[in-house]
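Undergrad: Sequence and predicted structure below; questions after.
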Amino acid sequence: MKPFLVMFFSVLLLLGGCSVGKTIKPTEEKLGYASAQAALSAINPPTDDTLLYRSTARVSVVSPQSKINFRIAIFLQLSDKLRLESIPVLGPPDFFLTVRGGWIRAYLPTGGEFLVGKATPDNLSRFLPLSWPVEKWMAVLLGNGPNVTLQPTQLVGKMEDSLYRVDMTTADALTESLWINPLQDRLEKIERSSSAGRKETVTFNAFRKMNGRTFPSRISIDTGEGRTITIVHETMETTMEKPDNFFTLRPPPEATIRALPD
C-alpha cells in the first residue's frame, strides 16, 4: 500500500502545483484617465443645442448678516441661453430674467421696471448671488466642467484617492481644481483659488440619471467670503420645444425701461 499512497500523494502535489501556477488573479478595474484633457472631455458631453432643460429649484443664500430662501424656475439651452422666473408662495412670478446673445433682460413687475444691458458678470450679479459669466452658471447648474476655450498655462491630472484630480493654472495666476469620479464620469467638486488667497468651492451631490447623463440634484457653493449658496433641483427634465423668443424677454407696454451699465 505504501508505494500506492506515495504515488497518490505525488500526483496530488503535481496537480496542486499546476493549479497554483495557472491561477488567474481577478482583473482590477482601471481608474483614472489617459490625460487631464481626456478627463475634461468625459465631463463635457457634446453640446446639444436642440435640448431645453427645465428645472424647479430651491435656493438658499446664507451670509453672516442674513439668510434668504426662495424657489425659482430655471430654463437652459446650450450654449448661452438662460431664463429664470421666481416661484413665489402666492401670486404670479415677481421676477423674470433672460440671457441670450450676450444680452441680459430682466423684468420686475412690482416696480414696473424692465432692465436691459450686456450680460457681464457684474450685471448678472445684480440678480444672481455671484459675479459669474452666464456660461459658468450654466455649467454649474448642469454639473458640467469648465469649457476650456483658451489653453491654460498648465494642465495636470492625477488620481487622488478614488477621484481623478485636474489642476488648471491660467496666466493670471488663477488655479482651478476639479475632482472627477472616473467610474461614473461625473464632476463632484470644483475649487478655484486666486493669488490673493481667496478660495471658492463648488460641490455636487445627489446625482440622478436623465437621458443617459448624470445630473447633480444638489449644488453647494462656498464663496470663500463667508457666504454659502445651496441650489436643490426639485425637478429636472428635457424637452425639444423651442418657444419663439422664449430667451428674449419683451417689455410689457406699461414697463419703465432702464439700461444697465456696460
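TA: Happy to help now that I have it.
Undergrad: CA atoms for contacts and neighbours, from now on please.
TA: OK.
Undergrad: okay, and the helix or strand of the chain with the least pLDDT?
TA: Of all the helices and strands that make up the chain, the one with the lowest confidence by mean pLDDT, DSSP states H and E is helix 2-21; it has a mean of 39.
Undergrad: need the next SSE after it, C-terminal direction.
TA: Per DSSP states H and E, helix 2-21 leads on to helix 36-42 as the next helix or strand towards the C-terminus.
Undergrad: List the strands paired with the next helix or strand after that following helix, with their directions.
TA: Past helix 36-42, heading to the C-terminal end, the next element that is a helix or strand (DSSP H and E) is strand 52-62. In its sheet, strand 52-62 lies beside strand 67-77 (antiparallel), strand 228-239 (antiparallel), with partners assigned from DSSP bridges.
Undergrad: Can you pull up the most central residue in this protein?
TA: Compute the mean C-alpha point of the chain, and by C-alpha atoms, centre = their mean the closest residue is residue 143, 2.1 Å away.
Undergrad: wait, that residue sits on residue 187?
TA: Yes - Residue 143 is within contact range of residue 187, at 6.5 Å (criterion: C-alpha atoms under 8 Å).
Undergrad: Now do the shared contacts for the two.
TA: With contacts defined as C-alpha atoms under 8 Å, 6 or more residues apart in numbering, the residues shared by residue 143 and residue 187 are residue 204.
Undergrad: Can you lay out the strands paired with strand 52-62 as JSON lines showing mean pLDDT and mean neighbour count?
TA: Shown next, in JSON lines, are those (pLDDT from 0 to 100; neighbours: other C-alpha atoms under 10 Å):
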{"stretch": "strand 67-77", "mean pLDDT": "94", "mean neighbour count": "17"}
{"stretch": "strand 228-239", "mean pLDDT": "92", "mean neighbour count": "17"}
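Undergrad: Nearest to residue 252, out of the ones you listed?
TA: Nearest to residue 252 among those is strand 67-77; the distance by C-alpha to C-alpha comes to 20.3 Å.
Undergrad: Specify the angle between the helix or strand just after the closest one and strand 67-77 in degrees.
TA: Next along the chain after strand 67-77, taking DSSP H and E as the criterion, comes strand 81-86. With axes from the mean of the first three to the mean of the last three C-alpha atoms, to 10 degrees defining the directions, strand 81-86 sits at 140 degrees from strand 67-77.
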